[in-house]
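**Student:** Here you go, sequence then predicted model.
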Amino acid sequence: MGNETAGQRPETLAARALGRIDDVTRGVVPAIHMTTTFVRDADNRYRSGFCYGRPDNLTVRHAEDVVCALEEGRAGLAFASGMAAATTLFSALEPGRHVVAPKVMYWALRDWLAHDLTRLGIAVDFVDMADLDSVQAAIRRGETALVWAETPANPLWTITDLAAVADMAHEAGAVLAVDSTAATPVFTRPLTLGADIVMHSATKYLNGHSDVIAGMLVTAAEDALWADLARRRAACGAILGPFEAALLTRGLRTLHLRVRAAAANAISLAQHFSAHPRIAETLYPGLASHPQHALAARQMQGGFGGMLSIRVAGGAKAAIAAAAEVKVWSRATSLGGVESLIEHRASVEGPESPVPDDLLRLSAGIEHVDDLIGDLDRALELAHK
């Protein structure tokens, strides 16, 4: 990022994608660099800085730079998926080390930690990350290498005090990495709160159009761990493709508009359904009734995100029946797109899931909120007939 962007606000950085233009045509959207290989100089060197498409690509760098700027980080690495980003980080840990992670978190990664990371000789303790005493008790000085936080945590939307956990991790010699997919850099920038690395499933809000699978890591320091992550991405072929990177950059241009619109819908939905006779509980950190609302208001600047969950009166049968009746909402997995999604999480996660079986996860899109409320109201009534 050059001096031409100095002092620009995040909305400007995102909308202009750092103001970069095509060097040849002067187009406001740079060309997509699809090449897999590059010509050497006559003396057998690569003065362009590029040698092959697996370790690096200019279009990918552009997406990395935009997210890095939004997160106020030092460098970014784009991956072929959020899982590729996260598992690359965990796989870089030495055998015999220890990890602390949330009890309730993105299920696919939790499942990988429990069943795959442990096979690499790395121990994992799952704790309630909203309980600072539990976090402190789980961290082992000199043994814990990584503390992983997710806030708001999918799908109960609990909040982790990142500044406090960062102090705990660093005091024990551990790294704090944060999955900030749900918050996005629009509402939370974990690196400014003491985190060392922030991860995004860029498939979700960063892209925002349900047409790209991507992941992103951003670091506060270009240290030995970061160099190892870049090496591992190249060695394992986990880099994001250039076309997908271009789509991601396109999505980032509207990030602030989309995320704020989704958050506005989410809080309206939460307020409506928190008083609904067919809903036992509404989970959203923007509600004053949320047990960590004060922390969320302090840590999330300008909004509380587009994700919420409802627990349907009548249990799993009523919840699944309600989801079956929606017309505007889409019954689909994932989150963070412009379309609103509804999903019965316990069915997806299986018998080991800690998620209540009456819970429906809602990803608020950018449709008119009255259409979303009316559709779900109707579905809940039909489910109880």
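**Tutor:** Happy to help now that I have it.

**Student:** From here on, just use CA atoms for contacts and neighbour counts.
**Tutor:** Will do.

**Student:** so what's G315 closest to, chain neighbours aside?
**Tutor:** In space, and not counting its chain neighbours, G315 is closest to D358: 4.5 Å by CA to CA, 6 or more residues apart in numbering.

**Student:** no, scratch that, I was asking about K327
**Tutor:** D375 (6.5 Å).

**Student:** which residues does the residue nearest to G315 contact?
**Tutor:** The contact partners of D358, taken as CA atoms under 8 Å, 6 or more residues apart in numbering, are 311-319, 344.

**Student:** Using the three-state scheme, assign K204.
**Tutor:** Three-state call for K204 (DSSP: H, G, I helix; E, B strand; the rest coil): coil.

**Student:** who touches the residue lying closest to it once chain neighbours are set aside in this structure?
**Tutor:** In this structure, K204 finds its nearest non-sequential neighbour in G336, 4.4 Å apart by CA to CA, 6+ apart. By CA under 8 Å, 6+ apart, the contact set of G336 is 182, 203-205, 208-210, 306, 363-365.

**Student:** where's the closest residue to T188 other than its chain neighbours relative to A183, distance?
**Tutor:** Nearest non-adjacent residue to T188, counting by CA to CA, 6+ apart: M300, 5.1 Å away. Applying CA to CA, to the nearest Å, the value for M300 to A183 is 8 Å.

**Student:** before we move on, back to that, just confirm the residue nearest to K327 is within a helix.
**Tutor:** Yes - under three-state DSSP, D375 sits within a helix.

**Student:** That one against A324, yeah?
**Tutor:** No - counting by CA atoms under 8 Å, D375 stays clear of A324, with 11.5 Å between them.

**Student:** Please work out how many residues are found near the closest residue to W107 other than its chain neighbours.
**Tutor:** Leaving aside its sequence neighbours, W107 sits nearest to E349 (CA to CA, 6+ apart; 6.5 Å). Other residues lying near E349 total 15 when counted by other CA atoms under 10 Å.

**Student:** measure E349 to T35 for me?
**Tutor:** The value you get for E349 to T35, if CA to CA is used, is 39 Å.

**Student:** cool, L229 as well?
**Tutor:** Distance of L229 to T35, given as CA to CA: 23 Å.

**Student:** Mind jotting down where the strands sit in the protein?
**Tutor:** Ranges of strands within the chain are 75-79, 98-102, 123-127, 144-150, 175-179, 197-200, 215-219, 279-283, 307-312, 330-331, 341-344, 359-363, based on DSSP state E.

**Student:** Show me what the last one is packed up against.
**Tutor:** Same thing as strand 359-363. In terms of contacts (3 or more CA pairs under 8 Å, 6 or more residues apart in numbering; DSSP states H and E), strand 359-363 is packed against strand 307-312, helix 315-324, strand 341-344, helix 345-349.

**Student:** Neighbouring strands of the first one in the sheet, and parallel or not?
**Tutor:** Think strand 307-312. Under the criterion DSSP bridges, strand 307-312 sits next to strand 279-283 (antiparallel), strand 359-363 (antiparallel) in its sheet.
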